[in-house]
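J.: need a 3D model of the following:
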Amino acid sequence: MELISYVALAAGLIIGLGACGACIGIGIMGSKYLESAARQPELMGELQTKMFLLVGLIDAAFIIGTGIALWFTTANPFLAQLQALPH
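T.: The predicted model follows:
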């Protein structure tokens with residue numbers, strides 16, 4: 001297996017695990033939002049604002065991870081150092 005194969009594998013893991021974590025987090029938060037809105041409907045506006053803010057932050061973390069994975073795939077700054085290592 002060549003060195004570039006490990007980079008592709010790592011990028012796939014970063015994107016895949018980040019997507020799974022973001023989806024699970026948003027799902028749990030959405031269910032808790034619906035549960036709390038059903039218990040106290042008068043707080044639904046405040047809760048909705050906070051929920052959408054957190055959804056944006058969770059998605060931002062996933063997008064940053066995707067960007068870093070694609071950066072490593074296209075212009076890996078560590079590739080020259082890894083190729084210099086003895087095999």
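J.: tell me the buried residues in stretch 30-47?
T.: Tyr33, Ala37, Leu47 (16 or more other CB atoms under 10 Å). The C-beta positions use only the backbone N, C-alpha and C, and glycine is treated the same way.
J.: just the element for Ala8, please.
T.: Assigned by DSSP states H and E, Ala8 belongs to helix 3-39.
J.: state the next helix or strand along the chain beyond that helix.
T.: Next along the chain after helix 3-39, with elements defined by DSSP H and E, is helix 44-74.
J.: which strands and helices lie in contact with that next one?
T.: helix 3-39 (3 or more CB pairs under 8 Å, 6 or more residues apart in numbering; DSSP states H and E).
J.: report the distance from the helix it packs on to the chain centre.
T.: Chain-centre distance of helix 3-39: 6 Å, with CA atoms, centre = their mean, to the nearest Å.
J.: how far off helix 44-74 does that helix point, in degrees?
T.: Orientation check (axes from the mean of the first three to the mean of the last three CA atoms, to 10 degrees): helix 3-39 against helix 44-74 gives 180 degrees.
J.: still on that earlier bit, in terms of secondary structure, what does the helix holding Ala8 contact?
T.: helix 44-74, helix 79-84.
J.: one more time with 7 Å, if that's ok
T.: The contact analysis (3 or more CB pairs under 7 Å, 6 or more residues apart in numbering; DSSP states H and E) places helix 3-39 against helix 44-74.
J.: now do the buried residues in the helix it packs on.
T.: Judged by neighbour count (16+ other CB under 10 Å), helix 44-74 contains these buried residues: Leu47, Met51, Val55, Ile58, Phe62, Gly65, Ala69, Phe72, Thr73.
J.: what does stretch 72-87 give?
T.: For stretch 72-87, by 16+ other CB under 10 Å, it's Phe72, Thr73, Asn76.
J.: show the contacting residues for the second one.
T.: Think Thr73. Val7, Ala8, Ala11 (CB atoms under 7 Å, 6 or more residues apart in numbering).
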